[in-house]
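In: Just to be clear, the model below is a prediction. Sequence and coordinates:
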There are 2 protein chains.
Amino acid sequence: MLRSHTCGELRISDIGKSVKLCGWVQKSRDLGALTFVDLRDRYGITQLFFNQEDNPELCEKARKLGREFVVAAIGKVRERSSKNANRATGDIEIEVTELSILNESKVPPFTIDDDTDGGDELRMKYRYLDIRRMPVMNNLIFRSKLAIETRKFLSSLNFVEVETPVLIKSTPEGARDFVVPSRMNAGQFYALPQSPQTFKQLLMVSGLDRYFQIVKCFRDEDLRADRQPEFTQIDCEMSFITQEDILQTFEALTKYLFKTLKGIDLPTFPRMTYDEAMLKYGSDKPDLRFSMEFVELNDLVKGKGFSVFDEAKLIVGINAEGQAAKYSNKDLKDLTEWMKRPQIGAKGLVYVKYEEDGSIKSTVGKFYSDEDIKIWLERFSAKPGDILFILSGETDATRKQLSELRLEMGNRMGLRQPHDFKPLWVMDFPLLEWDEDTQRFYAMHHPFTSPKKEDINRMLDGDHETMKALRADAYDLVLNGVEIGGGSIRIHDRTLQEKNFKLLGFTEEEAEAQFGFLMGAFEFGAPPHGGIAFGFDRLCAVMNGQNTIRDFIAFPKNNQGRDVMIDAPSPIDKAQLKELYLEIKTE
Amino acid sequence: MLRSHTCGELRISDIGKSVKLCGWVQKSRDLGALTFVDLRDRYGITQLFFNQEDNPELCEKARKLGREFVVAAIGKVRERSSKNANRATGDIEIEVTELSILNESKVPPFTIDDDTDGGDELRMKYRYLDIRRMPVMNNLIFRSKLAIETRKFLSSLNFVEVETPVLIKSTPEGARDFVVPSRMNAGQFYALPQSPQTFKQLLMVSGLDRYFQIVKCFRDEDLRADRQPEFTQIDCEMSFITQEDILQTFEALTKYLFKTLKGIDLPTFPRMTYDEAMLKYGSDKPDLRFSMEFVELNDLVKGKGFSVFDEAKLIVGINAEGQAAKYSNKDLKDLTEWMKRPQIGAKGLVYVKYEEDGSIKSTVGKFYSDEDIKIWLERFSAKPGDILFILSGETDATRKQLSELRLEMGNRMGLRQPHDFKPLWVMDFPLLEWDEDTQRFYAMHHPFTSPKKEDINRMLDGDHETMKALRADAYDLVLNGVEIGGGSIRIHDRTLQEKNFKLLGFTEEEAEAQFGFLMGAFEFGAPPHGGIAFGFDRLCAVMNGQNTIRDFIAFPKNNQGRDVMIDAPSPIDKAQLKELYLEIKTE
């Protein structure tokens, strides 16, 4: 080793030891007679000490060190005269007797410092320098630990980690696949997996019993702020279980991870049906760090001449407690504009201010008397000082808009503390989801999800409302308003799987061509099984009270799917294209 | 859970317990009054017992169970009258009171049995049934354990597992990349990594210090018997180390894995230079389970009128001890033909039989007297009963041919025992490898490998022989004739890296376009670093004394790169091609 110790481990008890340290020059201070250099590595910072009088040549060398130079220093540990209590090594310093420069450094494009960075573009281009910053480095180390503890926990329960293939078969169902042209099979393509779903089910058919894998998955989607074309899942599957077994097993995993990595004891996770979540929070992933539940007013507001409410399918609001005084007319106008932005798309925002003095101020005073509104206030359990925000319109859209407002108010009121953790199981998801664009149903979870037993007989009724009402044995694990996991009990019977494909508009031929191998496997003794997948990148971020998964990925891509550091994707040779039987056609 | 116990855990101490088991019907025996069913799961086999007299209906149901039916059985554990000592659960059986069929099964295309399989094609098509066979299942479980222990060991040494990207940049250097067309960047492609080489070096530049990853890698090569287009590496890198540190760290890892998973204490690994390995064994991955070292005869055989030897660059042989009597003229003719096959390409095979009675029989008796040959025999330390095999020709080709013969003789003589383990470090590899086809040098390891310090100054001499003589700080870990790991100390200096690219025939522009990001990173304080990568699939196989990595991969591809189970690769939609700006051109 070029070093005897790291820059993070020497203590007062090491005084007198001869040591050799390696690291990067964090900074150097030239005090004339004395020079101090802070030497940094992954483990910490240790102060190097040089004395002009004792060794002028060495001191001169030390003075010339630039930031981020890589050096090796030999010397003796001694007690510092002025200690630094903020640093684990702050009691000691190294009186250096030999110094070698292992590599020089140009001045980096941004300072390597915990609290500053060079902005997103520079950070991504010089990611290797960004990772030198301890918060980023620690994110990667956290991620590594989270993977280790996940594996430890699941292995202790007899889960076997199996690597499933990356070069698989493209299927038009679901999100868009990345594809890989095959040189050995002209005109044919592999696809990169969006998840190892069918393989893990085949492993259950094989009798593997308990499978998991921490695995890269791929989706060629237009990238929103917090999506990456490649992402990582904790992918799990179990045989001979009920839904309850899955919930308990993975609730235990989540608790174990919080306890081990954060020292936090999570209580038993509450459960809520999808319907209840939509009714109370307008979202299938409600943030339970704060209440602010939806209150519906349909029965109270109709028939008073306010056509907006009269014509609405749903009139629903929230109570922002104690916020009345904080919202001037200008603020309310701004908030209304915020709600009208295309991202949210509300037509307007009705408010009711319940002033501290008991008076009522509202946008709909023309149509509703104070007596009318007092009944609303009662339903909201509003107190003087509160303010109600009310939306109306089509049911689903209105709920979605109000959910956005609820989260915004939660932010403004400081109710979404990053290190407060509120998990929730959302259960009984709809089996199907109607898509207006293509005028057909899609599987809400995926086509292998089992409908609830009691709904199987109603599956092919053909009636739109019946189909929307079908429920699945599907569940999501939600943490602080983020879906960190989702899964289902799977179909393990060929006939039911065929029925489900039919429901989703597959012809028999399409179903056979795309998933014949799986349905074939079901005929050779498939056990009852189910599973779950956690978004690993997101779990990392949420557990650290952060929003951006990119900060937990060593080398992320930008929103155009580019790695700006290595400059990928990039053109390839004509010869290689030819080998792949491909031509580029950009017009 | 649908079960209270697995089929592998009930013992005599469980007698009297009410239990519920789930599993597959391995076989059922109908003895008229009694019916026995062997129920199998991943953990073992438990016997179910049904009594016609006590419960004729249930017994009838049991009789009708087909092989591989999935059932749940409730009953009581009782002692067996005739015990099966070969089975962990052989002392007990379950007196069944309730039986439910969870899924039926068609008759499988081959019997699920340890010792038989349906042949390669059926095994691959019905891989989920093949995995039900315990040897295959156990291979996957072994693989999972090997990964866990690898992670445990490396984590304990502060190695951090970092996931590097799968969608990276294509480079024409080295083996052929799989590429992935980018929809968002018309006409551009990602490549799948052949290894995370540049990323792990960037992580060293970032100060991560100790990195590892168990990671899928990809190579679009024509597949030989034991190659897969996707394979797994244990990829590792360390900073502030010398070559010696790497060897010691990963020798310790290997020893730990053998101790933990196989209970075997490996001794200190011997080391050998590349030159010595080629001289003694004609291979850079010699199988040290047996000796049979090469013996060169150039100085003894020339000038006796045998033009084959006279014209040869190298005359070299091995001694197959005690084998003289086993090789009739017919056998020797067959062996000569075997050596002449195009896979080996020898022009002929000279033998010298040292008969038990001290007489000498040889193919070259015309040219060499017994006295001449006795000197050869001495050099081989041959005893009566031994037989020498001698090849001649160009140095490299002859060594390669003799190496094949040595291995073949090792096999025939039973010297390559699968559970005898002989590790070896091969060191000081050449920096460059000359390619006749393209008339240029390639990096023997990869272009980031550091030349030995003493060779740096000779790097750009331009002389062919000098370049061939350059040595690198590169090393392979060889186990039983298989290269299970390889690595090198890397270049960490921009100037040296540029020099190396120049040596490899890169123009400055090419080097910059392909690896500019890495050379740029070297300018911001790159530490001295080096690493190693283990072939994980191969390590699994070798540790189990097996040759075929496919048996340790859950869903392997065949030699045409196809997954015959899911039928991939396959054609994709025209619409998707268009989105990717591609057209197929097969003529």
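Out: Good, I have the coordinates. Numbering: from 1, shown residues only, chains lettered A, B, ... in the order given.
In: quick one: the closest residue to A:Thr171 other than its chain neighbours from B:Leu582, how far?
Out: Once flanking residues are discounted, A:Thr171 sits nearest to A:Gln514: 4.8 Å by Cβ to Cβ, 6 or more residues apart in numbering or on different chains. (C-beta placed from N, C-alpha, C; glycine too.) Computed with Cβ to Cβ, to the nearest Å, the distance linking A:Gln514 and B:Leu582 is 21 Å.
In: again, but for A:Ile168
Out: 19 Å.
In: contacting residues around the closest residue to A:Leu192 other than its chain neighbours?
Out: Spatial nearest neighbour of A:Leu192, excluding adjacent residues (Cβ to Cβ, 6+ apart): A:Phe218 at 3.9 Å. Each residue near A:Phe218 by Cβ atoms under 8 Å, 6 or more residues apart in numbering or on different chains is listed here: A:Asp177, A:Phe178, A:Leu192, A:Pro193, A:Gln194, A:Pro229, A:Glu230, A:Phe231, B:Val166, B:Leu167.
In: In this structure the second one contacts B:Val180, no?
Out: Yes. Taking contacts as Cβ atoms under 8 Å, A:Phe178 lies within contact range of B:Val180: 5.2 Å.
In: Same drill for the two, tell me which one is more crowded.
Out: B:Val180 (29 against 26; other Cβ atoms under 10 Å in any protein chain shown).
In: how far is the one helix or strand the more buried one maps to from where the chain is centred?
Out: For B:Val180, the element it lies in under DSSP states H and E is strand B:179-181. From the chain centre to the centre of strand B:179-181 is a distance of 28 Å (Cα atoms, centre = their mean, to the nearest Å).
In: same check, this time on stretch A:461-479
Out: On Cα atoms, centre = their mean, the centre of stretch A:461-479 falls 24 Å from that of its chain.
In: Pull out the buried positions in it.
Out: A:Met467, A:Leu470, A:Arg471, A:Ala472, A:Asp473, A:Ala474, A:Tyr475, A:Asp476, A:Leu477, A:Val478, A:Leu479 (16 or more other Cβ atoms under 10 Å in any protein chain shown).
In: Quick one: residues contacting the second one.
Out: If a contact means Cβ under 8 Å, 6+ apart, then A:Leu470 has A:Pro430, A:Leu431, A:Leu432, A:Pro451, A:Lys452, A:Asp455, A:Arg458, A:Met459 as its contacts.
In: before we move on, what about the third one?
Out: With contacts defined as Cβ under 8 Å, 6+ apart, the neighbours of A:Arg471 are A:Asp428, A:Phe429, A:Pro430, A:Leu431, A:Pro451, A:Lys452, A:Asp455.
In: Make TSV out of those and add distance to B:Val364, pLDDT and neighbour count.
Out: Formatted as TSV, the contacts of A:Arg471 follow (distance: Cβ to Cβ, whole Å; pLDDT from 0 to 100; neighbours: other Cβ atoms under 10 Å in any protein chain shown):
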residue	distance to B:Val364	pLDDT	neighbour count
A:Asp428	86	97	18
A:Phe429	82	97	23
A:Pro430	85	96	22
A:Leu431	82	95	26
A:Pro451	81	96	25
A:Lys452	84	96	16
A:Asp455	86	92	16
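In: And the furthest pair within those?
Out: Spatial extent of those (Cβ to Cβ) is set by the pair A:Phe429 and A:Asp455 at 11.9 Å.
In: still on that earlier bit, name the residues contacting each of A:Phe178 and B:Val180.
Out: A:Leu192, B:Leu167, B:Tyr190.
In: From A:Ala526, how far off is the residue of the stretch 201-350 of chain A found nearest chain B?
Out: Among all residues of the stretch 201-350 of chain A, A:Ser206 sits closest to chain B, at 3.6 Å; criterion: Cβ to the nearest Cβ. To A:Ala526, A:Ser206 is 10 Å away according to Cβ to Cβ.
In: How about A:Gly8?
Out: For A:Gly8, the distance to A:Ala526 equals 52 Å [Cβ to Cβ].
In: Same drill for these two, tell me which one is more crowded.
Out: More crowded of A:Gly8 and A:Ala526, by other Cβ under 10 Å: A:Ala526, with 28 against 16.
In: Would you mind giving both backbone torsions of A:Val96?
Out: Per-residue torsions, A:Val96: phi -80, psi 140 (degrees, to the nearest 10).
In: so what's it bridging to?
Out: A:Gly75 (DSSP bridges).
In: doesn't A:Gln47 make contact with it?
Out: No. A:Val96 is beyond contact range of A:Gln47, at 10.2 Å (criterion: Cβ under 8 Å).
In: Comparing the two, which residue is more hemmed in?
Out: A:Val96 (25 against 20).
In: All the helices of the stretch 251-400 of chain A, residue numbers only.
Out: If DSSP state H, counting those that start in this stretch is used as the criterion, the helices of the stretch 251-400 of chain A fall at A:274-281, A:298-301, A:307-310, A:329-340, A:370-379, A:395-412.
In: got the ones you listed as JSON lines, with mean pLDDT and mean neighbour count columns?
Out: As requested, these are exported to JSON lines (pLDDT from 0 to 100; neighbours: other Cβ atoms under 10 Å in any protein chain shown):
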{"stretch": "helix A:274-281", "mean pLDDT": "98", "mean neighbour count": "19"}
{"stretch": "helix A:298-301", "mean pLDDT": "96", "mean neighbour count": "16"}
{"stretch": "helix A:307-310", "mean pLDDT": "96", "mean neighbour count": "15"}
{"stretch": "helix A:329-340", "mean pLDDT": "97", "mean neighbour count": "14"}
{"stretch": "helix A:370-379", "mean pLDDT": "96", "mean neighbour count": "15"}
{"stretch": "helix A:395-412", "mean pLDDT": "97", "mean neighbour count": "19"}
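In: Nearest to A:Ile484, out of those?
Out: Closest to A:Ile484 of the helices of the stretch 251-400 of chain A, according to Cβ to Cβ: helix A:274-281, at 15.2 Å.
In: What lies in contact with that closest one?
Out: Helix A:274-281 is contacted from outside by A:272, A:283-287, A:293-294, A:296, A:399, A:403, A:406, A:426-430, using Cβ under 8 Å, 6+ apart.
In: same thing but 7 Å
Out: For helix A:274-281, contacts defined as Cβ atoms under 7 Å, 6 or more residues apart in numbering or on different chains pick out A:283-284, A:286, A:293-294, A:399, A:403, A:406, A:426-430.
In: Now do it: distance to the chain's middle.
Out: With Cα atoms, centre = their mean as the basis, helix A:274-281 stands 22 Å off its chain's centre.
In: How about stretch A:66-80?
Out: Counting by Cα atoms, centre = their mean, stretch A:66-80 is centred 40 Å from the centre of its parent chain.
In: Which positions in it come out as buried?
Out: When burial is assessed from 16+ other Cβ under 10 Å, stretch A:66-80 yields the following buried residues: A:Arg67, A:Glu68, A:Phe69, A:Val70, A:Val71, A:Ala72, A:Ala73, A:Ile74, A:Gly75, A:Lys76, A:Val77.
In: State the pLDDT value of the residue nearest to A:Leu192.
Out: pLDDT recorded at A:Phe218 is 97.
In: Could you count how many residues lie near the closest residue to A:Lys169 other than its chain neighbours?
Out: Spatial nearest neighbour of A:Lys169, excluding adjacent residues (Cβ to Cβ, 6+ apart): B:Ala568 at 3.7 Å. Residues contacting B:Ala568 under the criterion other Cβ under 10 Å number 23.
In: again, but for the one 10 residues further on
Out: Burial measure for B:Lys578: 11 neighbouring residues, criterion other Cβ under 10 Å.
In: can you check A:Asn457 too?
Out: Using other Cβ under 10 Å, the number of residues around A:Asn457 comes to 9.
In: ok now do A:Ile373, which residues does it touch?
Out: Contacts for A:Ile373 (Cβ under 7 Å, 6+ apart) come out as A:Val352, A:Ile360, A:Ser362.
In: Now for the first one: which residues touch it?
Out: Under the criterion of Cβ under 7 Å, 6+ apart, the contact list for A:Val352 reads A:Ile360, A:Ser362, A:Ile373, A:Trp376, A:Ile387, A:Leu388, A:Ile390.
In: list the contacts for the fifth one?
Out: Going by Cβ under 7 Å, 6+ apart, A:Ile387 touches A:Ala320, A:Gln323, A:Ala324, A:Tyr327, A:Tyr351, A:Val352, A:Lys353, A:Tyr354.
In: That's all I had, so thanks and see you.
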